[in-house]
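Asks: Could you work out the structure for the sequence below:
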Amino acid sequence: MQEEKEIDPAAVKELEERFDPEVRFRPLGRYAGYVAATLLFCLSLFHYYTAGFGLLREVNHRGVHLAFVLSLIFIVFAATKKGQDTLYPSSVWRPLGLPIYDWLFALAAAVASLYVPWIFNDLAFRVGNPLPIDVVMGTIMIVVLLEATRRSMGWPLPVIAIIVMAYAIFGQSAPGVLVHPGSDWKTLVNHLYLTSQGIYGLPVGVVATYVFHFVLFGVLATRIGLGRLFIDFASAFAGRFSGGPAKVSVFSSALLGSISGSSIANTVTTGALTIPAMIRIGYQRHFAAAVEAASSTGGQITPPVMGAAAFLMIEFLGVSYTTIITAAIVPAAMHFFGVLCQVHFEAKRLGLRGLTKEELPKVGVILKRDWPTLIPLFLLIGILLQGFTPYLAAFWGITACIVIGLVNPLNRIKVQDVVDAFVLGAKYALAVGAAAATVGIIIGVVTLTGVSFKIAYMVTSTAGQWAEMIGPYIPFGVMEVSTLTLLITLILTAIVCIVMGCGIPTTATYLIMVSVAAPVLGLLGIAPIVAHFFVFYYGVLADITPPVALAAYAGAGIANANPFKAGNTAFRLGMGKALVPFVFVFSPSLLLVTDGFTWQAFALAFTGTVVGITALSAAFAGWLWGPLYLVERWVLAVAAILLVAPEFTSTAIGLGILAVVLLRQVFFGFEHVPPRRTAESEAST
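Replies: Now for the predicted structure:
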């Protein structure tokens, strides 16, 4: 078998840039690089200082944040693909090597962003009746914002924003229930630019006060060695078992993803180590890529940071941080349990080994070398759990990273490394800053037109009609029309979330889903925290759902595998994440913090979910105690659906079916089952 080696850092960087537009920075000349680095450092320093010593007035804070973010995007992101790859010399039309129109865009972005804070004291007399200059500045703001978002993220989000703005203006021509009187451009600009319901609304506020700080914390924590500790600890803990590198991938991605904001970045960072190791011991290339992608995507739903979504939920739901992370624990564990089951059964089917004793790192050596890197993380979590603001917790976490990095004799960093981390952290936060402001446009149109409630009415009405049609054909009347209506609504909502989440980062995905999809569930009486978790989980699932499974495609690039095959396999591995939201909608006790929580309901839902995911994993892999007949795989799939339904009768029936298959394997053996395929036979085919 060909020896697989870790891919070099340059190749990792190239893959991340290819699949993640948020880090597709253009090359800068010496002096342009100095300008960009200085502004990026100042942006990080501004957020670091205000987090520790007090935020500015709300509109001022958001205005300064947007002025930096949007201006910097026109400096570090090129307008075209050619500009991303080409370093131009300085000239009259290209000052410092950048096109003159990029400098003009950057200046316009800064002026338009700071205009609202400048006139804020007069807004009380102008909102609803803006001056011509207000409309001009608002128009400039919308144009530069859409272009900045296109450059830093691609077309999907700007196109959605343009469509919803067109809907706001031409609503009188919309079909059916979507019709509304329509707005003129002046009214639309007034709502999006001069009020707190649009561009300067909650999404930008959360990014400017929470998300930015945790992106910076993640960069600094990785720089001082916390990421290496996570990967080495996962190797020491899980590497010895059958198919060890795949299990290392699951655990390390869960740990690293908990402080990371990007599925793609997590995939290429840990995948550079784990994917070659998985291929080396016998996993197929597409399967190795899929394992890393599915595991890395799970990092976005894993406490304590959850891709910064935890802090968005605090603002939207008005609950404590402790409530959010408590609710997230069990569903996140179920996702990783599902991936772990499938890689274990696949390893057994192929007869794969674990890592040898010589290949395993020693826990004592790991902790002796890197234990100080845990201090910032424990300090951050401790402050959060004490009830202090997330940005204050991030301030002390960042401070601890700096102190530990400068004084730790086992892994000391230089002051220049801290400066570089501040620059890189700001760079990584630019795209999400622009995305949040663009989502503000979408939310602004939603509040202006009330379209979210119209969509909710359409979806629930359609689901109700389908339920009345299908209901009579369900045997034994096991599902009432109301329950069937809810199930169909959940399926439709899940599809919308996946489609809307394609190519959009975690934070922006959640914000869009809350505005558009969550009201659908609210009409059916679903508790807000349950609805928010449901739409968030399915929005994140887009990263491993073909045809736009960007995390899976990044993993396929490392594994040199078929991208579409890797995407399909990653989606299959993520079935735990796809099933669990349905469980906690029907049994909210799984979230631990909902009204009406009982341990009896939790135990039933938890047990059924664990056993159901195990049965479904066995069905996919073709292996339980040993190889399975094809009919047994289908039977186990049916049993899995019955098991995850949080109701005693269906759970008991599912357990009975699973027991029959397992007993058949234990007592009658595998003589007539087709022989298992080994790693060698897989490689030969």
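Asks: Only the buried residues of stretch 620-631, if you could.
Replies: Using 16 or more other Cβ atoms under 10 Å as the test for burial, stretch 620-631 gives Phe620, Ala621, Gly622, Trp623, Leu624, Pro627, Leu628, Tyr629. Glycine gets a C-beta too; all of them are placed from N, C-alpha and C.
Asks: and Leu352, that one's in a strand?
Replies: No - read with DSSP: H, G, I helix; E, B strand; the rest coil, Leu352 is coil and lies in no strand.
Asks: So it sits against Arg280, correct?
Replies: No - taking contacts as Cβ atoms under 8 Å, Leu352 lies outside contact range of Arg280: 10.4 Å.
Asks: So those two - more neighbours on which side?
Replies: Leu352 (22 against 15; other Cβ atoms under 10 Å).
Asks: Look up how far Tyr538 lies from the more buried one.
Replies: Per Cβ to Cβ, to the nearest Å, Leu352 is found 32 Å from Tyr538.
Asks: And Leu256, by the same measure?
Replies: For Leu256, the distance to Tyr538 equals 23 Å [Cβ to Cβ].
Asks: Same check on Leu55?
Replies: Taking Cβ to Cβ, one finds Leu55 at 33 Å from Tyr538.
Asks: So if I had to pick from these two, which one is more boxed in?
Replies: More neighbours surround Tyr538 than the other of Leu55 and Tyr538, with 26 against 16 (other Cβ under 10 Å).
Asks: residues of the helix or strand the more buried one falls within that come out buried?
Replies: Tyr538 is located in helix 528-540, with elements delineated by DSSP states H and E. Neighbour-count burial for helix 528-540 flags 528-540 (criterion: 16+ other Cβ under 10 Å).
Asks: and stretch 492-499, which residues are buried?
Replies: For stretch 492-499, a neighbour-count test (16+ other Cβ under 10 Å) marks Leu492, Thr493, Ala494, Val496, Cys497, Ile498 as buried.
Asks: I'd like a version of those in a markdown table, one that adds distance to Ile558 as further columns.
Replies: Formatted as a markdown table, those follow (distance: Cβ to Cβ, whole Å):
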| residue | distance to Ile558 |
| --- | --- |
| Leu492 | 35 |
| Thr493 | 33 |
| Ala494 | 29 |
| Val496 | 31 |
| Cys497 | 27 |
| Ile498 | 24 |
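Asks: so what's Met500 up against?
Replies: Met500 makes contact with Ile160, Thr509, Ile512, Met513, Val516, Ala517, Gly539, Ala542, according to Cβ atoms under 8 Å, 6 or more residues apart in numbering.
Asks: likewise Tyr510?
Replies: Counting by Cβ under 8 Å, 6+ apart, Tyr510 has contacts Ala309, Leu312, Met313, Val535, Phe536, Gly539.
Asks: ok so, going back, just checking, which of the buried residues of stretch 492-499 belong to strands?
Replies: Per DSSP state E, strands hold no members of the buried residues of stretch 492-499.
Asks: out of these, who's nearest Gln84?
Replies: Ile498 (28.5 Å; Cβ to Cβ).
Asks: measure the closest one to Phe571 for me?
Replies: 10 Å.
Asks: of all the buried residues of helix 528-540, which comes closest to Val219?
Replies: Distances from Val219 to the buried residues of helix 528-540, taken by Cβ to Cβ, are shortest for Val540, at 21.2 Å.
Asks: now what about stretch 101-108, what contacts it?
Replies: So stretch 101-108 is contacted by Leu70, Ser71, Leu72, Phe74, Ile75, Ala79, Pro95, Ile140, Val144, Glu147, Ala148 (Cβ under 8 Å, 6+ apart).
Asks: circling back: for the helix holding Tyr538, which helices and strands make contact with it?
Replies: Packed against helix 528-540, as judged by 3 or more Cβ pairs under 8 Å, 6 or more residues apart in numbering; DSSP states H and E, are the following elements: helix 309-317, helix 321-350, helix 481-500, helix 506-516, helix 518-522, helix 575-586.
Asks: chain center to the third one, what's the gap?
Replies: On the basis of Cα atoms, centre = their mean, to the nearest Å, helix 481-500 is displaced by 21 Å from the centre of the chain it belongs to.
Asks: Tell me the buried residues in the helix or strand where Ala51 lies?
Replies: Using DSSP H and E, Ala51 maps to helix 30-53. Buried positions in helix 30-53, judged by neighbour count with 16+ other Cβ under 10 Å: 32-33, 36-37, 39-41, 43-44, 46-48, 50-51.
Asks: Same check on stretch 541-556?
Replies: 541-546, 548-556.
Asks: cool, stretch 176-186 as well?
Replies: Buried residues in stretch 176-186, defined by neighbour count with 16+ other Cβ under 10 Å: His180, Gly182, Ser183.
Asks: any low-confidence regions in the protein?
Replies: For the chain, applying pLDDT under 70 flags the ranges 1-19, 260-261, 307-308, 475-479, 503, 506, 669-685.
Asks: quick one: the strands in it?
Replies: According to DSSP E, the chain contains no strands.
Asks: And it, what are its domain boundaries?
Replies: Domain ranges of the chain: 19-209, 598-685, per automatic domain parsing.
Asks: Tabulate these in TSV, adding columns for distance to Ile474.
Replies: TSV is the format used below for these (distance: least, Cβ to Cβ, whole Å):
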stretch	distance to Ile474
domain 19-209	29
domain 598-685	13
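Asks: mind listing what's buried in the lengthiest helix in the chain?
Replies: Ranked by number of residues, the top helix in the chain under DSSP state H is helix 415-449. Neighbour counts over helix 415-449 (16+ other Cβ under 10 Å) mark 417-418, 420-449 as buried.
Asks: Pretty sure Pro361 sits against Ser235.
Replies: Yes - contact criterion Cβ under 8 Å: Pro361 and Ser235 qualify, at 5.4 Å.
Asks: picking that back up, can you list residues touching both of Ile498 and Phe571?
Replies: Common neighbours of Ile498 and Phe571 (Cβ under 8 Å, 6+ apart) are Leu541, Thr545.
Asks: what about Ala166, neighbour count?
Replies: Residues lying near Ala166 (other Cβ under 10 Å) number 12.
Asks: quick one: it from Glu359, how far?
Replies: 58 Å.
Asks: circling back: orientation of the helix holding Ala51 relative to helix 415-449 in degrees?
Replies: 70 degrees (axes from the mean of the first three to the mean of the last three Cα atoms, to 10 degrees).
Asks: Quick one: residues in contact with helix 30-53.
Replies: 28, 56, 61, 64-65, 68-69, 71-72, 75-76, 90, 96-98, 208-209, 212-213, 216, 391-392, 394-396, 398-399, 419, 422-423, 425-427.
Asks: out of those residues, which are inside helices?
Replies: Cross-referencing the contacts of helix 30-53 against helices under DSSP H gives 61, 64-65, 68-69, 71-72, 75-76, 212-213, 216, 391-392, 394-396, 398-399, 419, 422-423, 425-427.
Asks: Would you mind checking those residues for buried ones?
Replies: If we count by 16+ other Cβ under 10 Å, these have these buried: 61, 64-65, 68-69, 71-72, 75-76, 212-213, 216, 391-392, 394-396, 398-399, 422-423, 425-427.
Asks: Contact partners for Lys186?
Replies: Here Lys186 is in contact with Pro130, Val135 (Cβ under 8 Å, 6+ apart).
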